[in-house]
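*Asks:* When you get a sec, could you give me coordinates for this:
(one chain, ligands or ions: 1)
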Amino acid sequence: MIQKLYPGGKPKAFNISYDDGVLQDVRFVALLNKFGLKGTFNLNSGLMKTEFSWVHENGMTVTRLPEDVVSALYEGHEVASHTCTHPYMENLSKAEILGQMAADRFFLEKLLGKEVKGFAVPFEYYSPLIAQCAREVGFEYARISEETNGYILPNDPYWWRGGKFHWDEDLEGYVEEFLETDEELALCQIVGHSYDLDVLDLWDRMESVLHRVAGDEDVVPMTNLELARYADGMKLAEITDEKVQNESETPLWFRVDGEIICLQPGETYVKRG
Ligand SMILES: [Zn+2]
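*Replies:* Numbers count the residues shown, from 1 in each chain. Just a heads-up that it's a prediction; the model follows:
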């Protein structure tokens with residue numbers, strides 16, 4: 001029996017994706033770093049000034065992070081695009097959608113000095129046109145504002161649903177079930193905004209969830225881009241009863257008859273006996 005695994009021979013992966021690039025990301029990134037976990041942070045490069053702060057419905061002012069802190073803050077995590085100015089995209093033309101994506105990618109890459117290859121849609125609206133634009137701009141995946149409530153690694157990278165929103169009352173149950181599941185390539189992905197942690201008083205709950213996940217040696221922390229690339233690689237694995245072959249450009253991990261193996265691109269593993 002051949003089982004697909006994540007990098008390092010781990011059966012499960014964990015990701016947290018937070019949007020909008022706000023002040024509370026500073027405290028949240030420190031928490032991720034403390035536990036050795038990885039996040040994907042989706043930023044709007046056109047709104048990185050305090051004048052683009054807004055008042056939340058509960059009365060709290062939500063403040064955007066300024067440009068000059070972004071590069072150092074998110075070191076070791078993924079920064080992805082969330083459009084330049086966070087528009088509701090339903091009524092935008094194709095040119096406007098492409099402009100929002102391309103401009104954000106350009107400015108974020110300039111700010112970070114590295115490639116930005118991921119995208120998360122602002123608000124809830126999503127469409128095949130937006131997916132097509134994400135592809136044309138060169139993003140390798142696009143995350144939408146829907147949840148699977150499960151542990152599936154997305155099959156279509158341009159229609160990527162998160163696992164669970166972090167304000168869910170059963171967030172702890174979702175995570176415990178993940179730690180118990182035998183599903184192949186199980187992914188636990190939590191989605192939200194760090195300002196919710198203040199607004200909804202979720203810091204303690206989130207910290208205990210992160211602590212729980214970080215303490216499990218079956219789990220590897222991954223960014224969305226790492227997950228998207230790994231999922232793409234796995235699609236090019238040829239698995240039969242006798243052998244497994246890596247036709248992708250990514251090292252791929254498997255468990256074959258109880259033994260953990262890593263196959264480099266182009267490599268084949270033939271089962272013994
Ligand atoms: Zn947003």
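*Asks:* part of a strand, is residue 146?
*Replies:* Yes. Assessed by DSSP: H, G, I helix; E, B strand; the rest coil, residue 146 belongs to a strand.
*Asks:* Hmm, it is touching residue 160, no?
*Replies:* No. Using Cβ atoms under 8 Å, residue 146 is not in contact with residue 160, being 9.3 Å away. Where you see a C-beta, it was placed from the backbone N, CA and C, and this is true even at glycine.
*Asks:* okay, the two: which has more neighbours?
*Replies:* For residue 146 and residue 160, the more surrounded residue by other Cβ atoms under 10 Å is residue 160, and the numbers stand at 27 against 15.
*Asks:* Check the gap between that one and the ion for me.
*Replies:* 15 Å (Cβ to the ion, to the nearest Å).
*Asks:* quick one: pLDDT of that residue?
*Replies:* Looking at residue 160, its pLDDT is 98.
*Asks:* residue contacts, it?
*Replies:* Each residue near residue 160 by Cβ atoms under 8 Å, 6 or more residues apart in numbering is listed here: 141, 142, 143, 144, 154, 224, 228.
*Asks:* how about 7 Å then?
*Replies:* 141, 142, 143, 144, 154 (Cβ atoms under 7 Å, 6 or more residues apart in numbering).
*Asks:* What residues are bridge-paired with it?
*Replies:* Bridge pairing for residue 160 (DSSP bridges) gives the partners residue 143.
*Asks:* if we can go back for a sec, which one of the contacts of residue 160 is nearest to the ion?
*Replies:* residue 143 (11.0 Å; Cβ to the ion).
*Asks:* Look up how far residue 88 lies from the closest one.
*Replies:* Residue 143 sits 17 Å away from residue 88, going by Cβ to Cβ, to the nearest Å.
*Asks:* Neighbour count for those two, which is higher?
*Replies:* Taking other Cβ under 10 Å, residue 143 and residue 88 do not tie; residue 143 has more neighbours (29 against 10).
*Asks:* So the more buried one versus residue 240, what's the distance?
*Replies:* Distance from residue 143 to residue 240, by Cβ to Cβ: 33 Å.
*Asks:* Nearest spatial neighbour of the residue of the stretch 51-200 of the chain found nearest the ion, chain-adjacent residues omitted?
*Replies:* In the stretch 51-200 of the chain, the residue that lies nearest the ion is residue 122 (4.6 Å; Cβ to the ion). The shortest distance from residue 122 to any non-neighbouring residue, by Cβ to Cβ, 6 or more residues apart in numbering, is to residue 86 (4.4 Å).
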